[in-house]
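Chemist: Below are the sequence and a predicted model for it; my questions follow.
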Amino acid sequence: MIQRKRTLRWLIGLFFAALLTLTFLSNTIQSLSLPKVSVETPELGALERSVSGEGFLRPAQTASLYPQGDWTVEAIHKRDGDRVRKGDPLIDFDTESTRRALQDEKTRYEQKKLQMEKLLDQMKTALRDGDTTGTDNQKRDLQVMELDMDIQRRSIADLERRIAEGGTLTAPFDGVVTKVNASEGASVGRSQPVVELADDASGYSFDFTADSDDASALQVGAAVKVWLDETPRRSVAGLISDIEDASEDGSLKTITIEVGGPGLEPGKRAFVDVSQMSDARGVKIPKSTLKSDSGGDYVFTVAEEDGPLGTAYYVRATYVTVQEENGDTAVVEGLMPTDRVVAEASEPIDDGDRVRY
């Protein structure tokens, strides 16, 4: 009888052990069939906005230089891209035509002097004869002649100045020749610009296009480092002078950088790479984890529930507010740094689904 009770107890224990084992195995098999997810832990912080671009330097101010007469080009001393100092000769002109015009003006002036002397003699004769009417007319003629001679003197002075100052066109300031619009032996006119000269003192600038979100962290007036395409590579100081829309929808911005420093010249390639932290701070998550529906933006987070057979994991749709984003990261509100955000799932999941990870 005692042996029978022991056997019965042993069989009952064996039954419950087998039942627990089968239940555990069944739960394990069921768990293995659940979607597997990988999670990421959010970080507190702000986005780093990185803006890079390149362009070609252009002068802030360029002067067009004109000849002072309708002359022929005798010699060209500087070519495109040459650096010049104030007073350096640029172009020599043949001023012979102006010299002839000057001689003609001087001859006409001498003729006027002779005519005036003749008129004075006639006035003296009229005064001796008492011809007051004739004298009055001669006085007026004399005044007209004096005015003509004043005009003649100014014309002579202008021609002399043009010959003295314009025979050789010189650089009015330090700079770089950007274009020579003349050739030796060619005729040029006073209205034709023969040299374009970039003013070094005015500085240089370049611009490039960037994504509007990235450019939003930049500020006009901020200092930046600009790298020049030179060997060896060197950098100069730059300043963000302007940020404006480059597209109608505002998705792109044109950023203008002013550059200063020695050895700059038009057309030189310049590079800039600006990194700056945005003002918005919050929880940072990968943009790939964001989803949206009629209720707004959300992410899947993993929640755990303890049961008699162990811990079970479920996904929950957690709605968030996106404060800022860049290429692959978003700053959001609505999450805690301890939340586990679903980054990947082995198969499609939905709110409330049980998962493993």
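Modeler: Yep, that arrived. Residues are numbered from 1 along each chain as shown.
Chemist: buried residues in stretch 169-180?
Modeler: Applying a neighbour-count criterion of 16 or more other CB atoms under 10 Å, the buried positions in stretch 169-180 are Leu169, Thr170, Ala171, Phe173, Asp174, Gly175, Val176, Val177, Thr178, Lys179, Val180. No exception for glycine: its C-beta is placed from N, CA and C like everyone else's.
Chemist: now, among those residues, which is nearest to Lys291?
Modeler: For Lys291, the nearest member of the buried residues of stretch 169-180 is Thr178. The distance, counting by CB to CB, is 55.0 Å.
Chemist: so how far is Ile91 from that closest one?
Modeler: Thr178 sits at a distance of 15 Å from Ile91 (criterion: CB to CB, to the nearest Å).
Chemist: Turn the buried residues of stretch 169-180 into TSV, columns for distance to Ala126, secondary structure and pLDDT.
Modeler: Listed next are the buried residues of stretch 169-180 as TSV, based on distance: CB to CB, whole Å; DSSP: H, G, I helix; E, B strand; the rest coil; pLDDT from 0 to 100:
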residue	distance to Ala126	secondary structure	pLDDT
Leu169	53	strand	92
Thr170	55	strand	91
Ala171	59	coil	93
Phe173	60	coil	91
Asp174	64	coil	89
Gly175	64	strand	88
Val176	68	strand	90
Val177	64	strand	92
Thr178	66	strand	90
Lys179	64	strand	92
Val180	62	strand	94
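Chemist: Contact partners for Gly175?
Modeler: When contacts are counted by CB atoms under 8 Å, 6 or more residues apart in numbering, Gly175 is found next to Pro59, Ala63, Arg83, Val84, Leu197, Ala198, Asp199, Asp200.
Chemist: Do I have it right that the fourth one meets Leu65?
Modeler: Think Val84. No. Between Val84 and Leu65 there is no contact under CB atoms under 8 Å: 11.0 Å.
Chemist: Buried residues in the strand or helix carrying Gln152, which are they?
Modeler: Taking DSSP states H and E as the definition, one finds Gln152 inside helix 132-166. Neighbour-count burial for helix 132-166, with 16+ other CB under 10 Å as criterion, is recorded at Thr135, Gln138, Leu142, Met145, Met149, Gln152, Ser155, Ile156, Leu159, Arg162, Ile163, Gly166.
Chemist: what's the spacing between it and its chain's center?
Modeler: The chain centroid and the centroid of helix 132-166 are separated by 57 Å, computed with CA atoms, centre = their mean, to the nearest Å.
Chemist: tell me what that helix is packed against?
Modeler: Of the remaining helices and strands, those touching helix 132-166 by 3 or more CB pairs under 8 Å, 6 or more residues apart in numbering; DSSP states H and E are helix 96-129.
Chemist: which residue ranges form the helices in this protein?
Modeler: Using DSSP state H, the helices assigned to the chain run over residues 2-32, 96-129, 132-166, 212-215.
Chemist: residue ranges with poor pLDDT in the stretch 201-350 of the chain?
Modeler: Within the stretch 201-350 of the chain, the stretches falling below the threshold (pLDDT under 70) are 279, 307-310, 327.
Chemist: quick one: the strands in it?
Modeler: Along the stretch 201-350 of the chain, counting by DSSP state E, counting those that start in this stretch, strands occupy 204-211, 223-228, 234-245, 252-260, 269-286, 291-293, 296-307, 310-319, 321-325, 329-333, 341-345.
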